[in-house]
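Enquirer: Sequence first, predicted coordinates after that:
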Amino acid sequence: MKIRGFMVPPIGSLQPRELSLIEQRMLQKHKGFDRDIATILAVLSSWSYASPEEFASLLPRVGLPGSQCAVLTLTNDAMLLETCAYIVQSWDKSTIILCFRGTPPFSATAWASNMAVELTPFYVGNVHSGFYSSLVAMWPSIAKLLVKAISGEDLCAAVEQVNEKDGAKECGVQSSAHGLSAGPDGYTSPRGTAIRLYVTGHSLGGALATLAAALLFAREGTLVHDGTLIDISKYQALLHGVYTFGAPKVGDPFFARVHQEKFGSLLFRMIHEQDFVTRTPTLAMGIYAHFGIPLYATDAGWVRTPPARDALYWLRSGAQTLFALNIALLARAFPFFRWFSAYQILSFDEHLPVRYMRTSLKKSPYAELQVDYRVRTIP
């Protein structure tokens with residue numbers, strides 16, 4: 001695994017300065033859906049497909065100047081692993097964002113992992129084996145960095161410490177750690193504000209974000225590389241939102257039912273109705289279920305009520321359901337038939353991250369390339 005750290009340049013004087021729009025939004029006390037937060041997380045999820053340098057350079061434009069960014073990448077073709085995660089720590093250490101990259105369009109390894117649809121045991125229920133293996137392979141390092149960031153350490157310093165312990169170095173940033181004090185949510189930043197944790201991702205990244213949030217509610221702790229056990233369940237109260245864009249189902253109905261009670265009110269699933277990925281895995285691949293709060297794409301942005309559906313929609317939906325049922329029956333006798341479920345890739349255009357970014361921005365095409373929250377503040 002490769003772990004890199006980036007210092008994002010501030011705008012003018014770093015401290016003190018006026019909080020940007022997104023920093024103000026993310027410090028709010030309530031944990032409900034927020035359109036501005038959804039917009040920024042949609043932008044980050046979309047740019048997670050870019051190089052780490054490009055992702056880090058985007059942060060000032062989305063209202064996070066002076067922040068620090070850790071990038072974790074893991075690739076092993078033989079084990080069907082190709083995963084990337086970003087951890088962003090705001091300049092005042094009050095906000096932490098965990099963002100997972102989705103499936104690279106031209107990565108055969110990642111697509112093969114997505115098709116590893118066998119259910120595997122989770123701490124409760126069962127989950128998609130391909131998604132789970134992608135997350136668990138790098139989760140110990142993610143947990144280490146999250147714990148250090150929540151503890152008030154500079155993220156780049158934490159990257160250096162983790163790399164030194166695990167035998168690799170690159171960040172090379174020396175900085176002193178800051179302590180924590182008790183706050184209303186259990187932990188506060190050096191500025192005295194309660195720490196907020198947001199988790200996000202598009203497509204496969206959304207599935208990994210959902211599983212990562214579920215791990216916060218696993219009381220067994222997390223085994224890290226040096227053999228110690230870190231109990232991350234104590235950070236549950238810091239979770240302020242899991243925003244996914246075009247994410248598939250990740251677990252069976254029991255997994256979904258249990259986690260709906262645990263953090264379903266914080267899981268916001270952005271959906272384009274013609275996006276085939278949001279309907280996978282299909283019945284031919286196994287019995288899976290969604291949970292959380294679905295939000296649907298409209299010209300006015302994200303809404304909780306599904307948009308009006310015409311006769312063509314119901315005709316297409318009925319044909320797809322009938323086809324999926326037939327494939328599911330055939331797959332019981334001939335397992336290779338489940339691959340025919342991939343026919344829905346013909347509607348891949350609706351799944352593109354730029355679609356989700358444009359709905360969040362509620363602007364015309366290509367506006368996503370001009371987004372700039374550096375100077376905008378809440379009235």
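Expert: It's in. Residues are numbered from 1 along each chain as shown.
Enquirer: Helices along this protein, start to end?
Expert: Per DSSP state H, the chain carries helices over the ranges 21-26, 35-47, 52-58, 108-114, 129-136, 139-150, 155-166, 204-216, 253-263, 311-333, 353-361.
Enquirer: among these, which is nearest residue 64?
Expert: Of all the helices of the chain, helix 21-26 sits nearest to residue 64, with 6.7 Å by C-beta to C-beta. For glycine as for every other residue, the C-beta is placed from the backbone atoms N, C-alpha and C.
Enquirer: by contact count, what packs against that closest one?
Expert: Packed against helix 21-26 by the contact rule (3 or more C-beta pairs under 8 Å, 6 or more residues apart in numbering; DSSP states H and E) you find helix 35-47.
Enquirer: in this protein, what secondary structure element scores lowest on mean pLDDT?
Expert: Sorting the helices and strands of the chain by mean pLDDT, DSSP states H and E puts helix 108-114 at the bottom, at a mean of 59.
Enquirer: picking that back up, which one of the helices of the chain lies closest to residue 87?
Expert: That would be helix 139-150 among the helices of the chain, by C-beta to C-beta, at 5.4 Å.
Enquirer: The closest one: which residues count as buried?
Expert: For helix 139-150, burial by neighbour count (16 or more other C-beta atoms under 10 Å) applies to 139, 140, 141, 142, 143, 144, 145, 146, 147, 148, 149, 150.
Enquirer: which ones are touching the fourth one?
Expert: Just to be clear, that refers to residue 142. Residues counted as contacts of residue 142 (C-beta atoms under 8 Å, 6 or more residues apart in numbering) are 72, 85, 87, 98, 212.
Enquirer: Near the residue nearest to the third one when sequence neighbours are not counted, how many other residues are there?
Expert: If I follow you right, that is residue 87. Leaving out its chain neighbours, the residue that sits closest to residue 87 by C-beta to C-beta, 6 or more residues apart in numbering is residue 70, at 4.4 Å. Neighbours of residue 70 under the rule other C-beta atoms under 10 Å: 28.
Enquirer: which residues does the closest residue to residue 249 other than its chain neighbours contact?
Expert: Nearest residue to residue 249, sequence neighbours excluded (C-beta to C-beta, 6+ apart): residue 288, at 3.7 Å. By C-beta under 8 Å, 6+ apart, the residues touching residue 288 are 128, 248, 249, 250, 251, 252, 253, 281.
Enquirer: In the residues you listed, which residue is surrounded by the most others?
Expert: Counting by other C-beta under 10 Å, top hit in these: residue 128 with 30 neighbours.
Enquirer: hey, what's that one bridged with?
Expert: Note on residue 128: beta-bridge partners by DSSP bridges are residue 119.
Enquirer: Can you convert the contacts of residue 142 into CSV and add a column each for distance to residue 233?
Expert: Compiled in CSV, these are given as follows (distance: C-beta to C-beta, whole Å):
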residue, distance to residue 233
72, 21
85, 20
87, 19
98, 16
212, 13
